[in-house]
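Peer 1: heads up, no residue letters with this:
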């Protein structure tokens with residue numbers, strides 16, 4: 001992390017990180033990167049078109065935990081300005097201010113709660129181990145070392161004390177430690 005001088009009342013720290021952009025509860029899988037930030041705002045680049053005044057949730061990957069205590073952090077921000085970019089690999093640069101948590105409610109229709117349970121991911125007649133790290137009525141975040149693509153139709157298999165539950169899911173975002181899914185339907189419940 002390198003600090004560089006500028007004319008703001010508070011200098012911003014230069015830091016590159018991958019982002020996910022959520023708007024109105026939808027998680028968009030777009031290439032985006034954080035470029036710099038301070039306690040009040042941040043600058044990021046993406047190909048995704050956002051309007052000034054839009055309130056969005058920015059998911060920041062920090063696997064080394066050099067900025068935050070967790071490897072993935074969600075910040076609620078308001079887009080202040082946008083500029084077209086021509087000399088980098090992204091179309092737009094955005095300046096955004098972080099909003100206090102009480103100015104925007106949870107963007108997901110069903111807020112996720114921390115959770116920890118061993119489960120299996122079924123894809124193409126193979127099973128892979130994973131751990132559900134957070135859960136809601138509409139989806140979950142799965143931690144796994146196995147890589148999947150957004151085209152994969154996956155099924156979560158959750159073992160219980162006397163049954164297995166099979167849930168059909170759609171992958172909606174990825175990061176280095178796993179992926180987020182949206183539940184589609186419960187396929188079957190097998191009793192032991």
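Peer 2: It's in. Because the structure is predicted, anything quoted here is derived from the model rather than measured.

Peer 1: show me the shaky parts of this protein.
Peer 2: 1-17, 22-31, 61-72, 101-112, 150-152, 192 (pLDDT under 70).

Peer 1: show me it divided up by domain.
Peer 2: Domain segmentation of the chain under automatic domain parsing yields 2-103, 113-191.

Peer 1: how about those in a markdown table, adding mean neighbour count?
Peer 2: Placement of C-beta: from N, CA and C, glycine included. Putting these into a markdown table (neighbours: other C-beta atoms under 10 Å) gives the following:
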| stretch | mean neighbour count |
| --- | --- |
| domain 2-103 | 15 |
| domain 113-191 | 15 |
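
Peer 1: doesn't residue 157 fall inside a strand?
Peer 2: Yes: membership of residue 157 in a strand is supported by DSSP: H, G, I helix; E, B strand; the rest coil.

Peer 1: secondary structure element holding the closest residue to it other than its chain neighbours?
Peer 2: Among residues not flanking residue 157 along the chain, residue 120 sits closest, at 4.2 Å (C-beta to C-beta, 6 or more residues apart in numbering). Residue 120 is part of strand 113-123, with elements assigned from DSSP states H and E.

Peer 1: what's the helix or strand following that strand packed up against?
Peer 2: Moving toward the C-terminus from strand 113-123, the next helix or strand (DSSP H and E) is strand 126-135. Counting contacts by 3 or more C-beta pairs under 8 Å, 6 or more residues apart in numbering; DSSP states H and E, strand 126-135 packs against strand 113-123, strand 139-143, strand 154-159.

Peer 1: how about 7 Å then?
Peer 2: When contacts are defined as 3 or more C-beta pairs under 7 Å, 6 or more residues apart in numbering; DSSP states H and E, strand 126-135 sits against strand 113-123, strand 139-143.

Peer 1: next, the angle from that strand to strand 113-123.
Peer 2: Orientation check (axes from the mean of the first three to the mean of the last three C-alpha atoms, to 10 degrees): strand 126-135 against strand 113-123 gives 160 degrees.

Peer 1: give the pairing partners of strand 126-135; include direction for each.
Peer 2: With DSSP bridges as the criterion, the sheet partners recorded for strand 126-135 are strand 113-123 (antiparallel), strand 139-143 (antiparallel).

Peer 1: which one of those lies closest to residue 41?
Peer 2: Counting by C-beta to C-beta, residue 41 lies closest to strand 139-143 out of the strands paired with strand 126-135; the figure is 26.7 Å.

Peer 1: now the angle from the closest one to strand 154-159?
Peer 2: 80 degrees.

Peer 1: ok, residues contacting strand 139-143?
Peer 2: For strand 139-143, contacts defined as C-beta atoms under 7 Å, 6 or more residues apart in numbering pick out 112, 121, 130-134, 177-183.

Peer 1: before we move on, back to that, what's near enough to touch the residue nearest to residue 157?
Peer 2: Residue 120 makes contact with 127-130, 157, according to C-beta under 7 Å, 6+ apart.

Peer 1: distance of it from residue 74?
Peer 2: Remark: distance between residue 120 and residue 74 (C-beta to C-beta, to the nearest Å) = 27 Å.
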